[in-house]
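K.L.:
Predicted coordinates and the sequence they were generated for:
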Amino acid sequence: MDYKVADLSLAEFGRKEIRLAEHEMPGLMAVRREYADAQPLRGAKIMGSLHMTIQTAVLIETLVALGADVRWVSCNIFSTQDHAAAAVVVGPEGTVEDPKGVPVFAWKGETLEEYWWCTDQALSWPDGTPPNMILDDGGDATLLVHKGAEYEAAGAVPTAGEGDPEEWGIILETLRRTIAERPGRWTETAAAIKGVTEETTTGVHRLYEMAKNGTLKFPAINVNDSVTKSKFDNKYGCRHSVIDGLNRATDVLIGGKVAVVCGYGDVGKGCADALRGQGARVIVTEIDPICALQAAMDGFQVTTLEDVVDIADIFVTTTGNFNIITAEHMGRMKHQAIVSNIGHFDNEIDMAGLARIPGIEKIEIKPQVHEWRFPDGHSIIVLAEGRLMNLGCATGHPSFVMSNSFTNQVIAQIELFTKTDQYPVGVYVLPKHLDEKVARLHLDALGVKLTKLTKEQAAYIGVDVEGPYKPDHYRY
Ligand SMILES: O=C(Nc1ccc2nc(N3CCOCC3)sc2c1)c1ccc(CN2C(=O)C=NC2=O)cc1
């Protein structure tokens, strides 16, 4: 079995954490039981490109339990948990000396060249055959296949890319090398793939763009927009992990402090709820009158950042936009105010503007926690250098949240692999009854007892007794 991970000896530690995570991922464990006999993924050759974490290990081993043959990479050069990667390679039945798990090509701190080498490795089986399914997060695996097939059809790989020059230079070099090694390989791969299931907004956006410009070569299920994925990630995941990140980074007492949450979408709602739960006085900023009204109805003061920047102790940006907290804002903050972002990637806080302030001093307290001292002597504490603080200062979302996301992924893989003829090339969301199924699979673990509709009540609201219970446009 081919693989490349940081250190196989970490497998025992990884296996212990996988065992604990399984208990907190009831949806995945339920689908293993439900489909154990049917083996719906027998014959599926799934290439996965998704953060190689302990929770993803449970996803991978669920796909295997349903009959799939799997190869895996991480979709971020920093996000691999090396003990998770090691445990997946060794597998539940294997040993470090005789691994019997799944080929993984991932380690924390990959270079970009290594990242794209890993993606290429996982997109080809040892016998040279391609995958017939992709499970993607961010769209890099889907991109490599599409661009490879495009350049083979054009008979040439262009010299210039379509995005960041450094990364595109590496992608183009990867394609030049692989096309030279095996001409026609990417055309064959694109033709072999029945479909892709996509985890996140970024990847989904790329898919809709390809569908719109007619370049999409196989059907895709947009997992991101399942209610039981995005609502969980955004509201319940951040409600948990914003506190996790703040506590691991600063140990600040949140109770009694003034916390500003910029944005009151699902992420902001989760963060405001969590911070209020810790006893903070939470102030919300918003641009959208509906979200602002919701915040006010939920009992939060809603005002502008400028009005409160000099009285708040904790700042959390959740907007998905950029330059929300500027260098000027930070210059006006209280001594040792804590500044963090849990919304967009890394530009909600103007870190470049902060670094340009004459006489500013950056002091590392510990990894991902920096004190920035202004010339007048006062300081602020910035978490994760303005990047997502729940990932930089904690471990992202907890297992139960990921169980919802990943159960959607497994069900979407089964849908596309077993009902391919029902999915002509295009981008789909899971039908609502399957979104509801994901929720159902998590209820027992929380001791939930559902009320059943009578036939008359179902008829009264025009639904089936077994659902789906809401129209597609319903906003939960
Ligand atoms: O992105 C993730 N993780 C991550 C971890 C560290 C890290 N360090 C970085 N740098 C930047 C440059 O300077 C050095 C440090 S970027 C970075 C990213 C990530 C996302 C979703 C899930 C999904 N997930 C699970 O699988 C389990 N819980 C989750 O939330 C995982 C990781």
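P.N.:
Ah, there it is. In this text the structure is predicted, and so the values were computed from the model without any measurement.
K.L.:
going forward, measure contacts and count neighbours with C-alpha atoms only.
P.N.:
OK.
K.L.:
All the helices of the stretch 1-150 of the chain, residue numbers only.
P.N.:
Under the criterion DSSP state H, counting those that start in this stretch, the stretch 1-150 of the chain contains helices at 11-23, 26-35, 54-65, 82-90, 112-122, 140-154.
K.L.:
a markdown table please, covering these and showing mean pLDDT.
P.N.:
What follows is the helices of the stretch 1-150 of the chain, written out as a markdown table (pLDDT from 0 to 100):
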| stretch | mean pLDDT |
| --- | --- |
| helix 11-23 | 98 |
| helix 26-35 | 98 |
| helix 54-65 | 98 |
| helix 82-90 | 98 |
| helix 112-122 | 97 |
| helix 140-154 | 97 |
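K.L.:
closest to Arg182 out of the ones you listed?
P.N.:
With Cα to Cα, the closest approach to Arg182 among the helices of the stretch 1-150 of the chain belongs to helix 140-154: 10.6 Å.
K.L.:
Can you tell me the closest non-neighbouring residue to the closest residue to the ligand within the stretch 1-150 of the chain?
P.N.:
Nearest residue of the stretch 1-150 of the chain to the ligand: Ser79, at 3.9 Å (Cα to the nearest ligand atom). In space, and not counting its chain neighbours, Ser79 is closest to His51: 5.7 Å by Cα to Cα, 6 or more residues apart in numbering.
K.L.:
Surely the one you found touches Ala84?
P.N.:
No: taking contacts as Cα atoms under 8 Å, His51 lies outside contact range of Ala84: 10.3 Å.
K.L.:
need the contact list for the closest residue in space to Ala394 that isn't next to it in sequence.
P.N.:
Excluding the flanking residues, the one nearest Ala394 by Cα to Cα, 6+ apart is Gly245, at 4.9 Å. Going by Cα atoms under 8 Å, 6 or more residues apart in numbering, Gly245 touches Met389, Asn390, Leu391, Gly392, Cys393, Ala394.
K.L.:
any idea how far the fifth one is from Ala149?
P.N.:
Summarising the geometry, the distance separating Cys393 from Ala149, computed by Cα to Cα, to the nearest Å, is 39 Å.
K.L.:
now do the last one
P.N.:
Distance from Ala394 to Ala149, counting by Cα to Cα: 39 Å.
K.L.:
And for the third one?
P.N.:
Computed with Cα to Cα, the distance linking Leu391 and Ala149 is 34 Å.
K.L.:
who's more crowded, these two?
P.N.:
When neighbours are counted by other Cα atoms under 10 Å, Ala149 comes out ahead of the other of Leu391 and Ala149, with 23 against 18.
K.L.:
what's the pLDDT at Val302?
P.N.:
Per-residue confidence (pLDDT) for Val302: 98.
K.L.:
right, I mislabeled it, should have said Lys231
P.N.:
Taking Lys231 on its own, its pLDDT is 89.
K.L.:
So it sits against Gly265, correct?
P.N.:
No: Lys231 lies out of contact with Gly265 (Cα under 8 Å); the separation is 10.2 Å.
K.L.:
Find the residue at the geometric middle of this protein.
P.N.:
Centroid-nearest residue in the chain, with Cα atoms, centre = their mean: Thr200, separated by 5.8 Å.
K.L.:
Now do the contacts for it.
P.N.:
Applying Cα under 8 Å, 6+ apart, the residues near Thr200 are Asp137, Gly138, Val223, Asn224.
K.L.:
Grab the nearest non-local neighbour of Arg38.
P.N.:
Wrong residue type there; residue 38 is Ala, not Arg. Leu66 (7.8 Å).
K.L.:
From Val88, how far out is that neighbour?
P.N.:
16 Å.
K.L.:
more crowded one of those two?
P.N.:
For Leu66 versus Val88, neighbours defined as other Cα under 10 Å are more numerous around Val88 (31 against 23).
K.L.:
hang on, isn't the more buried one packed against Val102?
P.N.:
Yes: if you go by Cα under 8 Å, Val88 and Val102 touch, sitting 5.8 Å apart.
K.L.:
And for Pro158, the neighbour number?
P.N.:
12.
K.L.:
Need the overlap of contacts for Lys231 and Gly265.
P.N.:
When contacts are counted by Cα under 8 Å, 6+ apart, Lys231 and Gly265 have no shared neighbour.
K.L.:
and the residue nearest to Ala38, backbone torsions?
P.N.:
Geometry field for Leu66 lists phi and psi as phi -90, psi 10, criterion degrees, to the nearest 10.
K.L.:
Contact partners for it?
P.N.:
Counting by Cα under 8 Å, 6+ apart, Leu66 touches Arg32, Tyr35, Ala36, Ala38, Gln39, Pro40, Leu41, Arg42.
K.L.:
Swap in 10 Å and give it another go.
P.N.:
Leu66 makes contacts with 31-42, 44, 410, 414, as judged by Cα atoms under 10 Å, 6 or more residues apart in numbering.
K.L.:
ok, it to Gly184 distance?
P.N.:
Distance from Leu66 to Gly184, by Cα to Cα: 31 Å.
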